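**Q** sequence and predicted structure below; questions after.
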Amino acid sequence: MTIQTNHHDTAVRENAARDTWNVLTRELKPVARDPFTLIFSLVQPLIFLGLFAPLLIGQSGMPIGETLQWFVPGVLVMIVLFGTGATGSNLQYEMMTGSHERTLVAPLARSSLLVGRALKEIAPIAVQALIIVLIAWPFGFAIHWGGLVIGLALLAVFGVGLGSLSYTLALGTKDREWLFWGVQQTLIFPLLILSGMLLPLDDSPAWMQAIATVNPVNWVVQAERALLAGNLGDTAVLWGWTSAIVLAAIGLVIGVRAMRKSS
């Protein structure tokens, strides 16, 4: 009996893994067919890099390279924050057009429908982050390749968690698109401002600094700055990974539960 149960559990895990892979490849196909969407989604980060960075350089009085070393990691996290934070709108569109209902009746594990979608976010994050780093490179941004690789992995984990929460929000709001965007925008901008992503929080009010200490985005930003500077053993790296992993775990657990209940 125990042997049969073990065989059954193994088969279930294998089927879930296969279904997740199938969903992942299905979600990546539109991106591969239309890579321009990746470039178009870089417009906002490039605007911040091209217009906000010079202002920051002028106000800080620091060398260009040193300022970019502080600013670029925040832009990379911004890509994840705005990109994966809005991916739930794609699922919402599928629900409104009936496409999601057809996937629900397919012989796929419900959990794979969310996990596969969430993992899909890793590829665009890596490509977009590399493009931003390479654009900043000629202007004095120093690339520490080991830190960059670890930083990309950190962004991927963070993106999976944020994407899962975005899909969960889409499942909760269903066809109320206005509600999805209302909640999404209400959460995204405070997370951005209270992460020190664009401006240092050292001189901010005490209450802002207190909130920043429990803001997972803040710790991911701090970790990216340490990693891209080559400080792999910095304490901020540990806190960044802890924040990203906890967020991913919470997002996947809540998201899978919501997907299993969806109809």
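**A** Cool, the structure landed.

**Q** only C-alpha atoms from now on, for both contacts and neighbour counts.
**A** Fine.

**Q** strands of the stretch 1-150 of the chain, residue ranges please.
**A** With DSSP state E, counting those that start in this stretch as the criterion, the stretch 1-150 of the chain has no strands.

**Q** for it, which spans come out with low pLDDT?
**A** For the stretch 1-150 of the chain, the stretches with pLDDT under 70 are 1-14, 31-32, 34-40, 100, 105, 110.

**Q** all helices for it, in order.
**A** Along the stretch 1-150 of the chain, counting by DSSP state H, counting those that start in this stretch, helices occupy 2-33, 36-40, 43-47, 53-60, 64-85, 88-97, 99-104, 110-120, 122-136, 145-173.

**Q** TSV for those, including mean neighbour count?
**A** Listed next are those as TSV, based on neighbours: other C-alpha atoms under 10 Å:
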stretch	mean neighbour count
helix 2-33	14
helix 36-40	13
helix 43-47	15
helix 53-60	14
helix 64-85	22
helix 88-97	18
helix 99-104	14
helix 110-120	24
helix 122-136	18
helix 145-173	23
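
**Q** tell me which of the ones you listed lies nearest to residue 187.
**A** Proximity to residue 187 (C-alpha to C-alpha) singles out helix 64-85 among the helices of the stretch 1-150 of the chain, at 9.6 Å.

**Q** and the closest one, C-alpha only, in PDB?
**A** Extracted C-alpha coordinates of helix 64-85, given in PDB (Å, rounded to 0.1, in the frame of the first residue of the first chain):
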ATOM      1  CA  ILE A  64      28.800  59.700 -13.400                       C
ATOM      2  CA  GLY A  65      30.000  56.100 -13.000                       C
ATOM      3  CA  GLU A  66      29.500  56.100  -9.200                       C
ATOM      4  CA  THR A  67      26.000  57.500  -9.600                       C
ATOM      5  CA  LEU A  68      25.100  55.000 -12.200                       C
ATOM      6  CA  GLN A  69      26.400  52.200  -9.900                       C
ATOM      7  CA  TRP A  70      23.800  53.400  -7.400                       C
ATOM      8  CA  PHE A  71      21.000  54.100  -9.800                       C
ATOM      9  CA  VAL A  72      21.100  51.300 -12.400                       C
ATOM     10  CA  PRO A  73      20.300  48.400  -9.900                       C
ATOM     11  CA  GLY A  74      17.200  50.300  -8.900                       C
ATOM     12  CA  VAL A  75      16.200  50.500 -12.600                       C
ATOM     13  CA  LEU A  76      16.600  46.800 -12.900                       C
ATOM     14  CA  VAL A  77      14.200  46.200 -10.000                       C
ATOM     15  CA  MET A  78      11.800  48.800 -11.500                       C
ATOM     16  CA  ILE A  79      11.600  46.600 -14.600                       C
ATOM     17  CA  VAL A  80      10.500  43.700 -12.500                       C
ATOM     18  CA  LEU A  81       8.100  45.800 -10.400                       C
ATOM     19  CA  PHE A  82       6.300  47.300 -13.400                       C
ATOM     20  CA  GLY A  83       6.600  44.400 -15.700                       C
ATOM     21  CA  THR A  84       5.600  41.400 -13.600                       C
ATOM     22  CA  GLY A  85       3.300  43.500 -11.500                       C
END
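
**Q** got the angle for it vs helix 53-60?
**A** Orientation of helix 64-85 against helix 53-60 (axes from the mean of the first three to the mean of the last three C-alpha atoms, to 10 degrees) gives an angle of 130 degrees.

**Q** and helix 64-85, what does it pack onto?
**A** Packing partners of helix 64-85 (3 or more C-alpha pairs under 8 Å, 6 or more residues apart in numbering; DSSP states H and E): helix 43-47, helix 53-60, helix 122-136, helix 145-173, helix 177-193, helix 216-228.
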